[in-house]
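**Student:** the following comprises the amino acid sequence and a computationally predicted model.
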There are 2 protein chains.
Amino acid sequence: MPKLGMEPIRKAALVNATIVEIGRSGSLDVTVGQIARRAGMSTALAHHYFGSKEALFLAAMRHVLSLYGAEVRGALGASVGPAARLNAILRASFSPANFRADVVGAWLNFYVLAQTVPDARRLLTIYQRRLRSNLMDCLRPLAGRRAGAVADGLGALIDGVYLREALAPKPSDGVAAVQIVLAYLAAELGQGAVHAG
Amino acid sequence: MPKLGMEPIRKAALVNATIVEIGRSGSLDVTVGQIARRAGMSTALAHHYFGSKEALFLAAMRHVLSLYGAEVRGALGASVGPAARLNAILRASFSPANFRADVVGAWLNFYVLAQTVPDARRLLTIYQRRLRSNLMDCLRPLAGRRAGAVADGLGALIDGVYLREALAPKPSDGVAAVQIVLAYLAAELGQGAVHAG
DNA sequence: TTTTTTGTTGATTGACGAGTCAATAAACTT
DNA sequence: AAGTTTATTGACTCGTCAATCAACAAAAAA
């Protein structure tokens, strides 16, 4: 049975299974056994490829963040002008791929992981910085000196909406979520453009 | 050594120790032993008084939420008019007592707990509902039919700011936190509506 | 005084889970 | 064909931890 070149396939399956299991159970207390079973292999194999549970968790986190990053980049590539680019970032943040129940659940737990595991914290910090920088690029022309404050508000708001989605009894489609963020933006820009400075 | 009337004292000490330990370690993976040691007693005694780790966690959660509720009620009692009352809620939300590093860390982990433990979810839902209702009372006169949307945004934003504080390398004093939320409010309501006491 | 209630803990149990190991098998290399 | 590398797993070790138990201590009640 053993075919060659299994490593990347197995690793991808494990990373996926990790996200699903963490999201489904809503906790980091998932056993390597659960993850491996969902990925269709033995626990020993999971350890063989990742060495430790922590490494597997970090890989899963990296994957979620890189998917998100890719989606943002894609949306940005097709958008011209600060307002359109801002919209693109927000649309990507609440796209069906990123706003899936298990992904949001995993996201929340990665925040928890970041409290204990320095590497996890590093990853989250990078994500936050990149988001802020992307937002700032769009906001500077739109909000002037208030760009920084608006970017901070937007970042926190996005995280907050994710947090509430994680707790929501039934998954939403993300439309209501974007709506909240867009309302904030409209308010800030409508007023900020006038009162800038 | 056994004095009488220890039960409430021991329970309070355990609840406090639970919050501190969860906040400090940034995780629900705290042993009853750690908590009991910090509270100055044996693990057996902790089990004697609470029966189970889960019950202890729930008691700690109830305590955090009730402290917060009390602070909000106190601040509301001293405030007249929607704008002032809105300010009171926000001030209470980021008061030194509630915005302490370990409390915020515990808060985040209670969100995680709520994913698995129905009772924990119930508690959080009650908190969210009460907050929303309080916000709505203030917002209806100020934001009219948009009150609902603004309340949802505010709720999410507060949680988001908490979330970011949990991840922050160094604890902030809460002033910057309120600032973000106030900026949101100002934007949504239009300037001047919010600068009461 | 005896009994009961309340407080308290060290020691133990029982379960569970991360990580390791030895062994097996199929493919590639020489 | 012999040897090497990659894939794969069942069984095992070792530690940890929630929960229980048996016992002891002191105050209150009888």
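**Tutor:** Received the coordinates, thanks. Numbers count the residues shown, from 1 in each chain, chains lettered A, B, ... in the order given.
**Student:** when you work out contacts or count neighbours from here on, use the C-alpha atoms and nothing else.
**Tutor:** Fine.
**Student:** what about residue A:177, which helix or strand?
**Tutor:** Using DSSP states H and E, residue A:177 sits in helix A:175-195.
**Student:** and the angle for that helix with helix B:175-189?
**Tutor:** 90 degrees (axes from the mean of the first three to the mean of the last three Cα atoms, to 10 degrees).
**Student:** is any part of stretch A:19-28 close to chain B?
**Tutor:** Yes: using Cα under 8 Å from any Cα of the partner chain, stretch A:19-28 reaches chain B at A:25, A:26, A:27.
**Student:** how about the helices of chain A, start to end?
**Tutor:** Taking DSSP state H to define them, one finds helices in chain A at A:6-25, A:32-38, A:43-50, A:53-77, A:82-93, A:101-116, A:118-143, A:147-167, A:175-195.
**Student:** where does chain A dip in pLDDT?
**Tutor:** Within chain A, the stretches with pLDDT under 70 are A:1-2, A:191-197.
**Student:** if we ignore the residues flanking it in sequence, what's nearest the closest residue to chain B within it?
**Tutor:** Chain B sits closest to residue A:160 of chain A, with a gap of 3.6 Å, by Cα to the nearest Cα. Nearest non-adjacent residue to residue A:160, counting by Cα to Cα, 6 or more residues apart in numbering or on different chains: residue B:160, 3.6 Å away.
**Student:** contacting residues for the one you found?
**Tutor:** A:156, A:157, A:158, A:159, A:160, A:161, A:163 (Cα atoms under 8 Å, 6 or more residues apart in numbering or on different chains).
**Student:** restricted to buried residues, select those residues in PyMOL.
**Tutor:** Filtering the contacts of residue B:160 down to the buried ones (16 or more other Cα atoms under 10 Å in any protein chain shown) takes a single PyMOL command:
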select buried, chain A and resi 156+157+158+159+160+161+163
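**Student:** how about the residues of chain A that lie near DNA strand D?
**Tutor:** Neighbours of DNA strand D within chain A, by Cα under 7 Å from any atom of the strand: A:1-7, A:10, A:40-45, A:48.
**Student:** show the buried residues in those.
**Tutor:** A:10, A:41, A:42, A:43.
**Student:** the third one - nearest residue in space that isn't next to it in sequence?
**Tutor:** On the basis of Cα to Cα, 6+ apart, the spatially nearest residue to residue A:42 that is not a chain neighbour turns out to be residue A:36, at 5.7 Å.
**Student:** pull up the gap between the one you found and residue A:133, please.
**Tutor:** 37 Å (Cα to Cα, to the nearest Å).
**Student:** could you do residue A:95 as well?
**Tutor:** 20 Å.
**Student:** do the same with residue A:74
**Tutor:** 16 Å.
**Student:** can you check residue A:5 too?
**Tutor:** Residue A:5 is 39 Å from residue A:133, by Cα to Cα.
**Student:** how about residue A:33?
**Tutor:** When residue A:33 is compared with residue A:133 (using Cα to Cα), they lie 39 Å apart.
**Student:** who's more crowded, residue A:36 and residue A:133?
**Tutor:** residue A:36 (22 against 14; other Cα atoms under 10 Å in any protein chain shown).
**Student:** OK, contacts around the more buried one?
**Tutor:** Here residue A:36 is in contact with A:14, A:17, A:42, A:43, A:45, A:46 (criterion: Cα under 8 Å, 6+ apart).
**Student:** what about 7 Å?
**Tutor:** Residues counted as contacts of residue A:36 (Cα atoms under 7 Å, 6 or more residues apart in numbering or on different chains) are A:14, A:42, A:43, A:46.
**Student:** any chance of the residues you listed in TSV, plus distance to residue A:125?
**Tutor:** As requested, these are exported to TSV (distance: Cα to Cα, whole Å):
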residue	distance to residue A:125
A:14	24
A:42	33
A:43	31
A:46	28
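**Student:** filter these down to the ones close to DNA strand C.
**Tutor:** residue A:43.
**Student:** so which of the contacts of residue A:36 would you say is closest to DNA strand D?
**Tutor:** residue A:42 (4.1 Å; Cα to the nearest atom of the strand).
**Student:** is any residue of stretch A:176-194 near chain B?
**Tutor:** Yes: contact of stretch A:176-194 with chain B (Cα under 7 Å from any Cα of the partner chain) involves A:180, A:184, A:187, A:188, A:191.
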